[in-house]
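Asker: requesting a structural model of the entry that follows:
(one chain, ligands or ions: 1)
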Amino acid sequence: MSPHNRSRWNPGLILGLALLALIVAIAALAPLLFTTPANALGPRLAPPSPEHWLGTDAAGHDVLLRSLVATRLTLLLTAGATAIAVITGIILGTGVWLVRPWAREIFLRVIDAMVAFPGLLLALVVAAVLGAGGSSALIAIGLSGIPYFARLTANLAAKISQQEYVSTARLLGVSHSRIATRHMLPNMAEPLLVLAASTFAATLTAISALSFVGLGVQSPAYDWGKLLNEALPSLLANRPYQMAGPAALIVVTGLAAVLIGDGLAGAANPRAHHTPSKTRPHPTTPDQTPPPSDEHLADIRDLWIHSGDTPLVKGITFTIRHGEILGIVGESGSGKTLTAMALAQLLPDGLTPTATRMSISDLDLRRPAPPTAMTDAISLIYQDPGSTFNPALRMGTQLTEVLRTHKRLGTRAATQRVLDALRTVHMSRPEHRLKQHPHELSGGMRQRAMIATALTVQPRLIIADEPTTALDVTVQAEILRELKRVNNEYNASIMFISHDIGVVRALCDRVIVMYHGEIVEQIAARDLTVESAQHPYTRALLHATPDIDGPAGEKPTPQPAQEHTHG
Ligand SMILES: Nc1ncnc2c1ncn2[C@@H]1O[C@H](COP(=O)(O)OP(=O)(O)OP(=O)(O)O)[C@@H](O)[C@H]1O
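Answerer: Numbers count the residues shown, from 1 in each chain. All right, here's what the predicted structure looks like:
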């Protein structure tokens, strides 16, 4: 989509709406005004003249008047068939991502097979079975459009279903229908509108084609396709003007649909109305009490994660104490994220975890845990604050969702809790933020909002997976300070995944070094120096880290991390 399409009223949309208004006006008025003169018989096969602008047909009907009268029936048939294809296609295409993986595979293969079958041929078969006529054409073309639309919707939904806000909604136990309607469909609205508009244009030609070959609308009714059919002998006899009326109306209507789809797509995109914010932080005091402290919070023993027969994480064992910040470092692909996702029960399809023990307090994470228990146990802060939130929903709706869904708080109480948390993490103008969409907040603000969400539910473990990698270096330091403060003031344990040894050393108490799916070293953060590290891989990592010269044994305040790339 080009940038100029992102304003609410763009020239394409205006032109499309004007053309559609014209066509709809013709559809509404022409049958009322011209049915009788369109049925009147005059001279046969007359050329264009002041009385008959586009001439007359073989029976002596005025071609222009019949083209105008046919508009209503053609539009109704096209709209009906489009509605069948679009609505059913959206339901199927979104639904496949909400069912179990094996059922999804079957559905997708069936849809693929149906897409491969030529749509018009399917429509011909259906029309032949149901008998020729307008309503059979409507059903036939509608049905033949479903697989195509379902496949496109499924492709869009595939991407959205992997977004972190959908994972989070699943983690929170939000119902399938709600995930589909609140989280997935609004984020597919833009491409779906464009697709619906092009489907309308394609349906128009398909319906007209069926009538043209004699399987659509039957006499005495007529649509544009039927008029083209009747004009065919004239075309062959060198009288092309008899086709001009229906042909021009088909082109204009199709053009209107495409222009509107493209224009609406720009308007439907919430990011199109971005107003950057210019406010400053507004610090206030926290009002929450620390949870009680025991010894070990998380206990993971012999955790394996397999993709088919391939082990990706190979029997790792570690614990996290209450109030501890555990760093996990290691090169890209060493299994850091998968370990975290296994704890959160959010491993991608196809990956299987096994462990002799995997628990947070008394919650056994080897079995599906109830959503409320998971919410109390774990909060996630992802790397990319841009995809953490649903771009179609206001921050207030998203930040209060967990409190409304799981803590059963009313909207007012939930909002108050969120506001307190936002103030705690030094979010500027928190009331205003709740009314904004995620794209209106900077990356740092979105990460603060994520930390605030963690504060509102007070989980026992916060998993932060490279939470500052996507941020500006100055913002990184602030976010790290907030994490440290949350840890200090609320005794929240944190599992902090990072590539940045300097940050890990500054922030964490203890560090796990991972390499090829195994833990090669567990070491106190203050010992994370070339001299103290035991394993050659850890020493190699430390050698490769330029900013590790802080005084050993002393824990510095988190400093702005070096900018680094994420593998
Ligand atoms: N869905 C999946 N299917 C198969 N293999 C996967 C899947 N997800 C990750 N892997 C593989 O598992 C290994 C560990 O991945 P993981 O994302 O945990 O690494 P990481 O240490 O977090 O890396 P990074 O720092 O780049 O995020 C990698 O080799 C990766 O290619």
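Asker: residue 315 is in contact with residue 335, correct?
Answerer: No: in this structure, residue 335 is not within contact of residue 315 by CB atoms under 8 Å, at 11.1 Å. Using the backbone N, CA and C atoms, a C-beta is placed for each residue, glycine as well.
Asker: of those two, who's got more company?
Answerer: Shown here are residue 335 and residue 315; by other CB atoms under 10 Å, residue 335 has more neighbours (23 against 16).
Asker: please enumerate the helices of the stretch 1-150 of the chain.
Answerer: For the stretch 1-150 of the chain, applying DSSP state H, counting those that start in this stretch gives helices covering 11-39, 63-95, 101-116, 119-130, 134-161.
Asker: helices and strands around the helix or strand following the last one, which ones?
Answerer: Later in the chain than helix 134-161, the nearest helix or strand by DSSP states H and E is helix 164-171. The elements that helix 164-171 packs onto, with contact taken as 3 or more CB pairs under 8 Å, 6 or more residues apart in numbering; DSSP states H and E, are helix 371-377, strand 378-381, helix 385-388.
Asker: what angle separates helix 164-171 from helix 134-161?
Answerer: With axes from the mean of the first three to the mean of the last three CA atoms, to 10 degrees applied, the angle from helix 164-171 to helix 134-161 works out at 90 degrees.
Asker: give me the residues contacting helix 164-171.
Answerer: When contacts are defined by CB atoms under 8 Å, 6 or more residues apart in numbering, helix 164-171 is touched by residues 160, 178-179, 182-184, 344-346, 371, 374-375, 378, 380, 382, 384, 387-390, 398, 401.
Asker: buried subset of the residues you listed?
Answerer: Listed as buried from the contacts of helix 164-171 are 160, 179, 182-184, 344-346, 371, 374-375, 378, 380, 382, 384, 387-390, 398, 401; burial here means 16 or more other CB atoms under 10 Å.
Asker: domain ranges for the chain?
Answerer: 3-269, 296-543 (automatic domain parsing).
Asker: between the two ends of the last one, how far is it?
Answerer: One end of domain 296-543 to the other measures 32 Å (CA to CA, to the nearest Å).
Asker: among the helices and strands packed on helix 164-171, which comes closest to the ligand?
Answerer: Closest approach to the ligand among those (CB to the nearest ligand atom): strand 378-381, 13.4 Å.
Asker: follow-up on the earlier one: tabulate the helices of the stretch 1-150 of the chain (JSON lines), appending mean pLDDT and distance to the ligand.
Answerer: Output for the helices of the stretch 1-150 of the chain, formatted as JSON lines (pLDDT from 0 to 100; distance: least, CB to the nearest ligand atom, whole Å):
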{"stretch": "helix 11-39", "mean pLDDT": "91", "distance to the ligand": "40"}
{"stretch": "helix 63-95", "mean pLDDT": "93", "distance to the ligand": "22"}
{"stretch": "helix 101-116", "mean pLDDT": "84", "distance to the ligand": "12"}
{"stretch": "helix 119-130", "mean pLDDT": "78", "distance to the ligand": "34"}
{"stretch": "helix 134-161", "mean pLDDT": "86", "distance to the ligand": "13"}
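Asker: between these, which gets nearest to residue 244?
Answerer: Nearest to residue 244, of all those, is helix 63-95, at 7.9 Å by CB to CB.
Asker: elements contacting that closest one?
Answerer: Counting by 3+ CB pairs under 8 Å, 6+ apart, helix 63-95 packs on helix 11-39, helix 101-116, helix 134-161, helix 185-212, helix 224-236, helix 241-268.
Asker: what about the next helix-or-strand element following the last one, average pLDDT?
Answerer: Right, the one you point to is helix 241-268. Per DSSP H and E, helix 241-268 leads on to strand 296-307 as the next helix or strand towards the C-terminus. Model confidence over strand 296-307, given as mean pLDDT, is 92.
Asker: and strand 296-307, how far from the chain's centre?
Answerer: With CA atoms, centre = their mean, to the nearest Å as the basis, strand 296-307 stands 31 Å off its chain's centre.
Asker: which residues touch it?
Answerer: Contacts for strand 296-307 (CB under 8 Å, 6+ apart): 311-322, 324, 335, 338-339, 342-343, 347, 350-361, 460-461, 493, 495, 517.
Asker: how does it look with 6 Å?
Answerer: Residues outside strand 296-307 that contact it (CB atoms under 6 Å, 6 or more residues apart in numbering) are 311-313, 315-322, 338, 342, 351-360, 460, 493.
Asker: these in strands, which ones?
Answerer: Residues from the contacts of strand 296-307 lying in strands, with DSSP state E as the criterion: 311-313, 315-321, 351-354, 357-360, 493.
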